[in-house]
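Peer 1: Using only what follows, build the 3D model:
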Amino acid sequence: MKYYSTSLLLALSFSLFSQSIQPLESVSGYYQELQKLSADPDPDQTELNAMRYPASERATGKQFIGIEPSYLQRKDISTLQSLVAFPSNSSEQTRAELDYLLEWQEKRDAGKRRRAYEIASIGYWPPLEKNGEYGNVEDLFWECESIIGSKCNPDSYPATTHLLAGVTRDMRIVEFSVKYHHLRPRPYHLEPRLKPMGRVPNPSFASGHTLWAYIQAFTWSELIPIRRGAFIDLAFEVGESREIMGIHYPSDEEAARVLAHQMLVMMLENRTFLADLKKAKGEWSK
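Peer 2: All right, here's what the predicted structure looks like:
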């Protein structure tokens with residue numbers, strides 16, 4: 001099973017839609033190096049190739065798959081499910097990723113562990129009913145508050161709150177639609193030497209924390225373009241924290257980054273999204 005091409009996704013983004021958001025940065029660093037390795041299965045390891053996330057451990061997330069999206073269409077979610085694929089369990093790439101996680105395991109100190117747990121506690125969870133009250137709405141502003149300060153809060157920016165809640169609602173639908181479509185086992189299912197900082201009751205691919213981190217970073221970048229680099233750096237830290245914890249492969253993070261950008265590109269076809277984005281931008285142009 002071949003891994004996705006970032007350049008192909010970028011071409012798809014700009015050929016399908018006349019309007020655009022800021023383009024997706026090219027894959028870089030060790031994510032780029034890992035993609036140079038073969039993602040194909042070793043035909044002699046049929047049992048390993050067939051391994052998926054254990055049914056006995058699947059406990060969370062499925063309830064979000066069927067809720068009504070705010071900005072995406074159902075066909076968009078189906079497209080996103082098939083837009084990315086994870087490297088085979090027995091592939092050269094997966095082996096390199098597992099070795100990379102073992103290296104992190106050896107060097108994660110108390111500070112990195114503490115920060116990883118702090119990040120793990122962040123995340124907006126939308127109500128299952130579209131007209132319900134927002135859940136832990138303050139976490140919608142975690143990235144902005146981390147970079148700009150306490151002036152970034154839901155009370156000061158109601159239109160931004162509404163936009164981020166809708167975007168993140170759709171992100172949760174996509175997150176679990178992709179996870180349960182692919183059923184990738186967690187790294188610790190494949191590598192017994194891994195001692196994760198926690199076990200997660202849903203499949204690995206793609207990373208949900210990284211998906212929300214990047215889709216919010218990209219959305220904030222449309223509202224405050226001058227801070228795009230800082231938002232993306234923070235989203236990268238969120239993804240890396242999942243690797244430090246030993247619960248996600250690097251390819252889970254990179255897939256989430258690409259999916260997040262493609263989601264926003266698809267949202268540009270929705271008039272409600274465009275209107276909500278315009279209102280939110282108005283709050284930041286004052």
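Peer 1: so what's residue 253 closest to, chain neighbours aside?
Peer 2: Closest residue in space to residue 253, ignoring its immediate chain neighbours: residue 239 at 3.6 Å, by Cβ to Cβ, 6 or more residues apart in numbering. The C-beta positions use only the backbone N, C-alpha and C, and glycine is treated the same way.
Peer 1: pLDDT value on that neighbour, please?
Peer 2: Note on residue 239: pLDDT of 98.
Peer 1: what sits against it?
Peer 2: Contacts for residue 239 (Cβ atoms under 8 Å, 6 or more residues apart in numbering) come out as 207, 209, 210, 213, 214, 248, 253, 256, 257.
Peer 1: 10 Å - rerun?
Peer 2: Residues counted as contacts of residue 239 (Cβ atoms under 10 Å, 6 or more residues apart in numbering) are 31, 119, 207, 209-211, 213-214, 248, 250, 252-254, 256-257.
Peer 1: Give me the residue at the spatial middle of this protein.
Peer 2: residue 211 (1.4 Å; Cα atoms, centre = their mean).
Peer 1: So it versus residue 46, what's the distance?
Peer 2: 31 Å (Cβ to Cβ, to the nearest Å).
Peer 1: returning to what we had before: which element is the residue nearest to residue 253 on?
Peer 2: Taking DSSP states H and E as the definition, residue 239 sits inside helix 228-244.
Peer 1: Check which residues of that helix are buried.
Peer 2: Buried residues in helix 228-244, counted by 16 or more other Cβ atoms under 10 Å: 228, 230-232, 234-236, 238-244.
Peer 1: In strands, which of the contacts of residue 239 appear?
Peer 2: Residues from the contacts of residue 239 lying in strands, with DSSP state E as the criterion: none.
Peer 1: So which of those residues are in helices?
Peer 2: 31, 119, 209-211, 213-214, 250, 252-254, 256-257 (DSSP state H).
Peer 1: Could you identify the buried members of those?
Peer 2: Buried among these (16+ other Cβ under 10 Å): 31, 119, 209-211, 213-214, 250, 252-254, 256-257.
Peer 1: Kindly provide the distance from the residue nearest to residue 276 when sequence neighbours are not counted to residue 82.
Peer 2: Spatial nearest neighbour of residue 276, chain neighbours left out: residue 163 (4.6 Å); criterion: Cβ to Cβ, 6+ apart. Distance, residue 163 to residue 82, by Cβ to Cβ: 27 Å.
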